[in-house]
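>>> Sequence first, then the predicted structure, then my questions.
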Amino acid sequence: MDKLTLGILDMSPRLGGASDEEALSQSARLATLAEEWGYERYWLSEHHGMDSLACTAPEVMLAHIGARTSRIRIGAGAVLLPHYSPLKVAECFNMLAALYPGRIDLGIGRAPGGDAHTTMALSGNFLAHVGEMPEKVEQLCQLMSGAYRYDGEPVRARPNPVQPPELWMLGTNTKSAGLAASCGAYYAFGQFMSTSDGPEIVQSYREAYQPSETREQAKVMVAVHVICAASDSAALTLAERFRAQFPESPVGRSELKGDDDRLSLIVGDVQRVRERLLELRALYQADEIMLVCPAIGYEERLESYRLTALAAGLIDS
């Protein structure tokens with residue numbers, strides 16, 4: 001069987017009235033099981049001031065998860081760089097890379113990650129910081145390669161791990177694709193939250209890619225919503241339940257019915273999910289696919305990821 005390379009993007013949701021502590025515990029549980037099921041990566045998102053999501057500091061949670069796993073790559077999807085000093089971000093992820101060699105990913109993004117007042121409390125004028133994003137990305141790339149200077153003097157992001165973090169840019173448009181290409185970062189396209197022409201954006205990234213010292217070739221990951229269950233009808237029921245709980249979600253009813261946008265939300269049994277994942281990989285010529293399972297309950301979420309691993313040929317049963 002043709003095996004797919006899969007990762008998981010976890011938003012640490014608080015499901016069914018769970019506490020923040022329970023949500024974070026469930027994230028750690030998911031990461032350890034993802035390793036058993038053969039997933040390549042496990043990433044945590046960063047959100048602020050959201051009652052439904054528990055992870056505000058992925059770098060802290062990654063240290064916790066790294067100690068409970070041994071193989072799977074772990075990372076942020078994404079650190080919201082406009083809020084932070086590139087030096088501090090580089091230091092945090094270099095520290096993780098020194099603790100867990102060869103396993104750390106640094107995904108960066110430009111979203112605010114919360115409502116306007118929370119965002120302002122976090123870092124002030126967010127729009128001004130977004131305008132600084134190209135400079136911050138360049139500084140971060142220089143820090144990761146040891147080439148950064150401040151007022152002409154070299155500044156190092158310590159510690160200096162033997163195997164530095166993999167640098168990824170997350171996005172949904174040509175601007176993020178261009179930033180990723182210009183600094184030789186890998187690119188993760190958020191199909192699950194985009195209405196843009198994804199394949200065209202990804203192709204623009206490949207064509208403009210400038211190799212870095214540690215990343216000679218472009219690499220593309222596509223993130224997509226997936227709900228896999230024992231049958232198509234069971235999966236559709238879960239998808240409809242999610243849609244009823246979160247009517248503001250970009251997941252539309254046409255997607256649930258399998259129409260033109262069916263690759264934004266993949267719903268079905270093992271065979272149908274496999275067919276859709278292979279179609280998605282071919283459409284984007286993607287190196288990897290990252291799965292985002294909508295908020296459908298912790299046990300159903302685990303089963304969806306297990307069955308998707310089966311669909312991808314990562315496990316036998």
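Yes, it's here.

>>> is it true that Asn94 touches Pro161?
Yes. Counting by C-beta atoms under 8 Å, Asn94 does reach Pro161; the two are 5.5 Å apart. The C-beta positions use only the backbone N, C-alpha and C, and glycine is treated the same way.

>>> Counting neighbours, go ahead and name the busier of those two.
Using other C-beta atoms under 10 Å, the more surrounded residue of Asn94 and Pro161 is Asn94, with 22 against 19.

>>> Now do the same for that one: helix, strand or coil?
Under DSSP: H, G, I helix; E, B strand; the rest coil, the three-state class of Asn94 is helix.

>>> now it: how far from Leu167?
Asn94 sits 12 Å away from Leu167, going by C-beta to C-beta, to the nearest Å.

>>> Equivalent analysis for Arg71, please.
With C-beta to C-beta as the criterion, Arg71 and Leu167 are 21 Å apart.

>>> So those two - more neighbours on which side?
Leu167 (25 against 11).

>>> Okay, strands next: where are they in the stretch 201-317 of the chain?
For the stretch 201-317 of the chain, the strands defined by DSSP state E, counting those that start in this stretch occupy 220-228, 265-268, 288-292.

>>> roughly how far apart are Pro13 and Arg68?
From Pro13 to Arg68 the distance is 20 Å (C-beta to C-beta).

>>> And for Asn125?
Distance from Asn125 to Arg68, by C-beta to C-beta: 38 Å.

>>> which ones are touching Asn94?
Counting by C-beta atoms under 8 Å, 6 or more residues apart in numbering, Asn94 makes contact with 157-161, 164-165.

>>> Could you do Ile266 as well?
Ile266 touches 224-228, 272-273, 276-277, 280, counting by C-beta under 8 Å, 6+ apart.

>>> Just name the closest of those to Tyr209, please.
For those, the residue nearest Tyr209 by C-beta to C-beta is Leu280; the value is 21.1 Å.

>>> What sits closest to Gly66 if chain neighbours are left out?
Tyr100 (4.3 Å; C-beta to C-beta, 6 or more residues apart in numbering).

>>> Hmm, Ile72 and that neighbour touching each other?
No. Look at Tyr100 against Ile72 with C-beta under 8 Å: they stay out of range, at 10.0 Å.

>>> Near the residue nearest to Cys183 when sequence neighbours are not counted, how many residues? Count them for me, please.
Excluding its sequence neighbours, the residue lying closest to Cys183 (C-beta to C-beta, 6+ apart) is Cys141, at 4.1 Å. Cys141 is flanked by 21 other residues according to other C-beta under 10 Å.

>>> Over to Glu35?
For Glu35, using other C-beta under 10 Å, the count is 19.

>>> before we move on, what about the one 3 residues further on?
Gly38 is flanked by 17 other residues according to other C-beta under 10 Å.

>>> Isn't it up against Leu310?
No. In this structure Gly38 lies outside contact range of Leu310 using C-beta under 8 Å: 9.8 Å.

>>> now Met95, nearest residue through space, not along the chain?
The spatially closest residue to Met95, leaving aside those adjacent along the chain, is Pro159, at 6.1 Å (C-beta to C-beta, 6+ apart).

>>> again but with Leu310, I slipped
Distances taken as C-beta to C-beta, 6+ apart place Val270 nearest to Leu310, at 5.5 Å, with adjacent residues excluded.

>>> for Ser304, what are its contacts?
Going by C-beta under 8 Å, 6+ apart, Ser304 touches 226-229, 238, 293, 296.

>>> between those, which is closest to Asp51?
Nearest to Asp51 among these, with distances taken as C-beta to C-beta, is Ile296, at 18.1 Å.

>>> okay, now that closest one: neighbour count?
Residue neighbour count, defined by other C-beta under 10 Å, stands at 21 for Ile296.
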